[in-house]
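# No letters, just coordinates:
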């Protein structure tokens, strides 16, 4: 008798957890639907999840954060990350995710307010030693 009770409680909890997982996939609050399933049976919780419309804002944010989608600059609609042309407004190039710089550029912010122009710390230090105190500007990097 006790084994059946423990097994039944485990199955009931498992079913409630599944309802919460389905709610989370639709962008809904997982905990809210687990509580509904616990209080009103998992079947009622499942019906509530099915009846609720997906929260597209949450789903879009999740897809963009995962790198599976990106947003068009013109119409602000979301499409596949592989798309180069917007399927909604046509011809619009999508935003590219920010890329990390290939190399760290060094400069001394305190004594030189100009943007970084040196590929290595050693290159900057060599230039700094060659300059008289307070004179000159760093050389511009050829583009």
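Noted; the coordinates are in hand. Here the structure is a predicted model, which means the values were calculated and not measured.
# number of nearby residues for residue 67?
9 (other C-beta atoms under 10 Å). Glycine gets a C-beta too; all of them are placed from N, C-alpha and C.
# surely it meets residue 82?
No: if you go by C-beta atoms under 8 Å, residue 67 and residue 82 don't touch, sitting 10.7 Å apart.
# Residue 57 belongs to a helix, doesn't it?
Yes: counting by DSSP: H, G, I helix; E, B strand; the rest coil, residue 57 is part of a helix.
# ok, it to residue 120 distance?
Per C-beta to C-beta, to the nearest Å, residue 57 is found 45 Å from residue 120.
# Compare these two and say which is more crowded by neighbours.
Using other C-beta under 10 Å as the criterion, residue 57 and residue 120 rank with residue 120 on top: 12 against 9.
# per-residue pLDDT, that one?
Residue 120 carries a pLDDT value of 76.
# One more: residue 23?
Listed pLDDT for residue 23 reads 93.
# okay, now it: neighbour count?
25.
# Just say helix, strand or coil for it.
Classified using three-state DSSP, residue 23 is helix.
# Relative to residue 55, how far out is the spatially closest residue to it that is not a sequence neighbour?
Of all residues not flanking residue 23 in the chain, residue 33 sits nearest, at 3.7 Å (C-beta to C-beta, 6 or more residues apart in numbering). Distance from residue 33 to residue 55, counting by C-beta to C-beta: 12 Å.
# For those two, work out which one has more neighbours and name it.
The neighbour count for residue 33 versus residue 55, taken as other C-beta under 10 Å, is higher for residue 33 (24 against 14).
# Provide a list of residues in contact with that one.
19, 20, 22, 23, 45, 48, 49 (C-beta atoms under 8 Å, 6 or more residues apart in numbering).
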